[in-house]
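> Provided below are the primary sequence and the corresponding predicted coordinates.
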Amino acid sequence: MTPKESLEERAARPEPRHPVPGPEVKEASSHDLGFFGRYLTIWVALCMVAGVALGQLLPAVPETLSRFTYAQVNIPVAILIWLMIYPMMVQVDFASILGVRRQPKGITITLVVNWLIKPFTMFVFAWFFLQVLFAPLIEAGLAREYVAGAILLGAAPCTAMVFVWSYLTRGDPAYTLVQVAINDLIMLFAFAPIVLLLLGLTDITVPYDTVLLSVVLYIVIPLVAGYLSRIWLIRAKGVEWFENVFLKALGPVTMAGLLLTLILLFSFQGETILGNPLHIALIAVPLVIQTVFIFAIAYGWAKAWRVPHDVAAPAALIGSSNFFELAVAAAIVLFGLHSGAALATVVGVLVEVPLMLMLVRFANRTRHHFPAPATAG
């Protein structure tokens with residue numbers, strides 16, 4: 001690889017595959033997530049405590065920050081969310097989409113599950129549990145907002161943590177990149193219409209320009225910035241420097257942005273959380289069921305189609321997990337920092353990591369039911 005290797009040359013060259021561990025390695029370890037990723041649920045819980053304490057002990061802080069709002073966008077929160085999303089977008093190599101021809105079945109499963117099934121089953125589960133089964137426990141207006149938050153989660157497939165889930169299941173890295181790139185492109189056009197349709201079913205009316213604003217702010221801008229800076233940095237410094245220096249240095253930025261955003265969000269949600277601690281558990285119920293249900297559909301479909309495991313596992317996991325950074329951002333723009341929708345998206349962050357690690361372990365233990373990976377190259 002030359003320092004000035006172009007994106008096109010790199011796309012044409014076969015991607016290195018993760019080595020398959022020897023017989024003594026039964027499954028990938030959660031330790032591969034790194035210190036922060038491995039304990040993400042704990043950090044989210046600590047942010048919840050810190051945010052609520054901040055809102056109660058120093059109410060002037062969230063009150064002051066809430067004033068920095070323009071066109072329904074809270075500027076401090078927007079900056080933090082950009083810090084979360086940009087490091088993910090800069091990793092997406094759209095030239096890798098050319099590799100889709102190697103495994104069309106895996107892409108078919110990913111796209112059908114993510115865009116024709118997942119958003120609608122999320123709505124059904126959230127509506128049934130939060131507005132029907134749990135109706136005696138949740139005020140009707142608040143329940144609708146919780147459902148709206150769940151819809152925002154369901155309308156955006158994962159684009160960042162899926163690289164971790166793929167690695168832990170020994171997934172094909174190049175193919176995972178293809179899946180993410182295609183989903184990001186579809187998200188540009190499909191996220192807003194799906195959200196508007198499903199929010200309409202909950203009797204919540206949201207102006208199209210407000211949804212479009214969230215798409216531009218939290219998909220288009222980070223995606224364009226990531227794409228342009230990726231090209232410029234690789235041309236200027238080379239692929240090795242980009243991957244081994246820049247991306248590694250950028251890694252903690254996403255986590256810092258996420259944790260600081262959650263602290264602010266929980267500082268605004270303090271009264272709601274303290275007044276309704278049961279609601280956190282109630283919101284988690286449909287989110288957990290949805291995650292397992294979507295994984296079962298995609299993983300079972302891949303097994304029936306005899307898709308190699310290194311493609312089948314990432315295909316199932318990308319739909320099971322959510323682009324919660326986008327969901328949090330959209331909930332804030334559409335419904336406000338204090339809304340039930342924003343709280344629901346934060347609960348999604350809280351439950352996702354331990355649940356996805358459970359599905360990763362299941363995928364690793366059922367590897368022998370799938371065809372062996374095709375020979376690289």
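Great, that's in hand.

> any idea how far residue 132 is from residue 357?
Separation of residue 357 from residue 132 (C-beta to C-beta, to the nearest Å) stands at 30 Å. To be clear about C-beta, it is placed using only N, CA and C from the backbone, and glycine gets the same treatment.

> And for residue 231?
Separation of residue 231 from residue 132 (C-beta to C-beta): 50 Å.

> who has more neighbours, the two?
residue 231 (14 against 9; other C-beta atoms under 10 Å).

> Report how many residues lie close to residue 330.
There are 34 residues near residue 330, going by other C-beta under 10 Å.

> ok, now residue 347?
Around residue 347 there are 23 residues (other C-beta under 10 Å).

> So which bits of the one helix or strand it maps to are buried?
Using DSSP states H and E, residue 347 falls within helix 340-365. The neighbour-count criterion (16 or more other C-beta atoms under 10 Å) identifies 340-353, 355-357, 359-364 as the buried residues of helix 340-365.

> What ranges does the stretch 101-250 of the chain have for its strands?
Applying DSSP state E, counting those that start in this stretch to the stretch 101-250 of the chain gives no strands.

> Can you find the helix or strand in the protein with the smallest mean pLDDT?
helix 7-12 (a mean of 41; mean pLDDT, DSSP states H and E).

> ok, now how distant is the residue positioned nearest the centre of the chain from residue 349?
By C-alpha atoms, centre = their mean, the chain has its centre lying nearest to residue 323, at 2.1 Å. Residue 323 sits at a distance of 11 Å from residue 349 (criterion: C-beta to C-beta).

> Below-threshold pLDDT in the stretch 1-150 of the chain: ranges please.
Scanning the stretch 1-150 of the chain for pLDDT under 70 picks out the ranges 1-38, 40-41, 69-74, 88, 96-102.

> Kindly recompute the last result at 90.
Residues of the stretch 1-150 of the chain meeting the criterion pLDDT under 90: 1-49, 51-52, 54-107, 110, 139-141.

> what's near enough to touch the closest residue to residue 266 other than its chain neighbours?
Nearest residue to residue 266 in three dimensions, chain neighbours excluded: residue 51, at 2.5 Å (C-beta to C-beta, 6 or more residues apart in numbering). For residue 51, the contact set (C-beta atoms under 8 Å, 6 or more residues apart in numbering) comprises 262-270.

> cool, residue 276 as well?
Counting by C-beta under 8 Å, 6+ apart, residue 276 has contacts 138, 142.

> what about 10 Å?
Applying C-beta atoms under 10 Å, 6 or more residues apart in numbering, we find residue 276 in contact with 137-139, 142, 282-283, 340, 343.

> From the contacts of residue 51, which shows the smallest pLDDT?
Lowest pLDDT within the contacts of residue 51 is found at residue 269 (67).

> Quick one, which of the contacts of residue 276 are buried?
138, 142, 282-283, 340, 343.

> Looking at those, spot the one nearest residue 222.
Distances from residue 222 to the buried ones among the contacts of residue 276, taken as C-beta to C-beta, are shortest for residue 343 (23.7 Å).

> isn't that closest one right up against residue 138?
No - at 11.7 Å, residue 343 does not count as touching residue 138 under the criterion of C-beta atoms under 10 Å.

> Any idea how far stretch 283-291 is from the middle of the chain?
When C-alpha coordinates are averaged (C-alpha atoms, centre = their mean, to the nearest Å), stretch 283-291 and its chain have centres 15 Å apart.

> before we move on, what about stretch 301-321?
Averaging C-alpha positions (C-alpha atoms, centre = their mean) puts stretch 301-321 17 Å from its chain's average.
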